[in-house]
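K.L.:
Provided below are the primary sequence and the corresponding predicted coordinates.
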Amino acid sequence: MKIIWTFFLAGAMLWATPIPSVGTQVELTSPGDPTNIIVGNIYISPYAMLINGQTYPAMCIDFTDESYLNTPWQAYITPIADGNFTNTYHSADAHVATEYKEEAYLYSRMISLSLSDPDYNTDRIDIQEADWEITDSSYTPTDPTGAQTWLTLAQNNYASVNLAGYDIVSDVNNGNGRNQEFIVATPEPESLTLLGAGLLLIGLGASRKKFAKAKAV
């Protein structure tokens, strides 16, 4: 069964409420907003993520782990603006703050793409693959030139993003079998009009739908 979520302005206003930061239950409820794009058996972000009863567009920033539809887990919610990345997967990286700021830039561009743009599918895929390259330098994109274009834009423009409301969602289980890491955002006031105009998330009714590739390629 196909389910369609329409976010009205009243619902979007609720998103301004900060998300609790520790042990928050999250759940992926849709593999594609507003349409499903699949590359090599992998669903391309943004997805729909349920957090404390509210649905957010979520971008995967972790290629090596896996997540499934309709399977709740406990997560740390880390505000990027706070600069404390202890509970994230890349806390030990020398440039962790810059990496997550670049992810915020790519997320902001992904959710602003227009379906009417003839390059919509290509840009969405290239942005996704660029954000995977940021956290995994060994990742090889299907379109290296396109991904590099977005990666360069992120490196040159991440400082232009107002980071208020941008959060990293990390599984509290940081060992084997952990879920992927994601980025979500509480819309700023100027974004609420767009959301209220009809942001759609189209979901698949099947449970445990795989988001990431299997270990063996």
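P.N.:
Looks like it came in fine.

K.L.:
What segments of the protein are strands?
P.N.:
Secondary structure of the chain, counting by DSSP state E: strands at 2-7, 24-30, 38-39, 42-43, 47-51, 54-60, 73-79, 166-171, 182-185, 199-204.

K.L.:
For this structure, spot the helix or strand the model is least confident about on average.
P.N.:
Taking mean pLDDT, DSSP states H and E as the measure, the chain has strand 2-7 as its least confident helix or strand, at a mean of 30.

K.L.:
out of the strands of the chain, nearest to Asp131?
P.N.:
Evaluated over these, closeness to Asp131 peaks at strand 54-60, with 6.5 Å, by CB to CB. The way it works is simple: take the backbone N, C-alpha and C, and place the C-beta from them, glycine included.

K.L.:
If I take that closest one and strand 24-30, what angle do their directions form?
P.N.:
With axes from the mean of the first three to the mean of the last three CA atoms, to 10 degrees as the criterion, the two stretches strand 54-60 and strand 24-30 enclose an angle of 80 degrees.

K.L.:
Relative to the whole chain's centre, how far out is strand 54-60?
P.N.:
When C-alpha coordinates are averaged (CA atoms, centre = their mean, to the nearest Å), strand 54-60 and its chain have centres 6 Å apart.

K.L.:
go on, stretch 51-70?
P.N.:
Counting by CA atoms, centre = their mean, stretch 51-70 comes out at 7 Å from the chain centroid.

K.L.:
what comes up buried for stretch 63-83?
P.N.:
Using 16 or more other CB atoms under 10 Å as the test for burial, stretch 63-83 gives 63-70, 73, 75-80.

K.L.:
Tell me the gap between it and the middle of its chain.
P.N.:
From the chain centre to the centre of stretch 63-83 is a distance of 9 Å (CA atoms, centre = their mean).

K.L.:
Endpoint to endpoint, that stretch covers what distance?
P.N.:
The distance separating the two terminal residues of stretch 63-83, taken as CA to CA, to the nearest Å, comes to 23 Å.

K.L.:
Distance-wise, check Glu102 relative to Thr135.
P.N.:
Glu102 sits 10 Å away from Thr135, taking CB to CB, to the nearest Å as the criterion.

K.L.:
More neighbours: those two, which one.
P.N.:
Remark: of Glu102 and Thr135, Glu102 carries more neighbours, 27 against 22, as counted by other CB atoms under 10 Å.

K.L.:
Now do the helices in the protein.
P.N.:
Secondary structure of the chain (DSSP state H): helices at 9-14, 96-110, 120-135, 144-157, 189-196.

K.L.:
how about a markdown table for those, with mean pLDDT and distance to Ile38 added?
P.N.:
A markdown table is the format used below for the helices of the chain (pLDDT from 0 to 100; distance: least, CB to CB, whole Å):
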| stretch | mean pLDDT | distance to Ile38 |
| --- | --- | --- |
| helix 9-14 | 37 | 28 |
| helix 96-110 | 98 | 16 |
| helix 120-135 | 97 | 10 |
| helix 144-157 | 98 | 17 |
| helix 189-196 | 40 | 25 |
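
K.L.:
The ones you listed into a markdown table, with extra columns for distance to Ile37?
P.N.:
Shown next, in a markdown table, are the helices of the chain (distance: least, CB to CB, whole Å):
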| stretch | distance to Ile37 |
| --- | --- |
| helix 9-14 | 24 |
| helix 96-110 | 11 |
| helix 120-135 | 6 |
| helix 144-157 | 14 |
| helix 189-196 | 21 |
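
K.L.:
Show me the one of these that comes nearest Asn179.
P.N.:
helix 120-135 (14.3 Å).
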